[in-house]
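K.L.:
Quick one, what's the 3D model for this:
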Amino acid sequence: MLAPQIVRGMGVDFVRSAGTILFLVASAYGSPADAQVIEPFDADQVIDILQSEGYRAKLGTGPEEKGLRVKSAISGISYDLKFDGCDEIGASCDVLLFESGWDFPDDEPASATAINEWNRTMFGKAFLDEVGDPWLSFELHVSGGLSRVNFLEALALWDVLLKDFTQKFDIG
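P.N.:
Numbering: from 1, shown residues only. Sure, this is the predicted structure:
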């Protein structure tokens, strides 16, 4: 903090300008609620954030579901958000895993070489499932909480990764 005598010597115009700059910088980061850490970071909060940003989001259901997951889509690509390291009631999770997979024709499986190249040069983990279909995942550690802004930044990165992955593997 500036000493009072220094502020007095700088004049009202400087203080007013500095206040305006601080206001504009703070505004660029959104509201204080956007920066507030959400803990525990759970499925209900993820659904609320996604829906408030205009994305569809619902809790995964059905006999094939294992563990807690949210189903959503971004840029026309469906994906799941899986929660790992959760307590016994499915809350207070440590890891949020973004994951998407594609079915390739049986006679045209994805190339393990291309998957390995992706993993050497790109962010996010690519892998082939047991029938040779490509998957992409991105792990986000949320133990200790996560702010809305940080979650939306991770979502924007996931969007870029999905677009790059679908382009590289000619998924359309």
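K.L.:
quick one: the helices in this structure?
P.N.:
4-28, 32-35, 43-52, 112-121, 148-168 (DSSP state H).
K.L.:
comparing those, which gets the lowest mean pLDDT score?
P.N.:
Least confident of these, judged by mean pLDDT, is helix 4-28 with a mean of 38.
K.L.:
Identify the residue nearest residue 135 in space, chain neighbours excluded?
P.N.:
residue 101 (4.0 Å; Cβ to Cβ, 6 or more residues apart in numbering). Bear in mind the C-beta positions are built from the backbone N, C-alpha and C, glycine included.
K.L.:
I'd like to know how many residues surround the one you found.
P.N.:
16 (other Cβ atoms under 10 Å).
K.L.:
Provide a list of residues in contact with it.
P.N.:
By Cβ atoms under 8 Å, 6 or more residues apart in numbering, residue 101 lies in contact with 129, 133-136.
K.L.:
10 Å instead, please
P.N.:
78-80, 127-129, 133-137 (Cβ atoms under 10 Å, 6 or more residues apart in numbering).
K.L.:
try residue 144
P.N.:
Counted by Cβ under 10 Å, 6+ apart, residue 144 has contacts 37, 39-41, 94.
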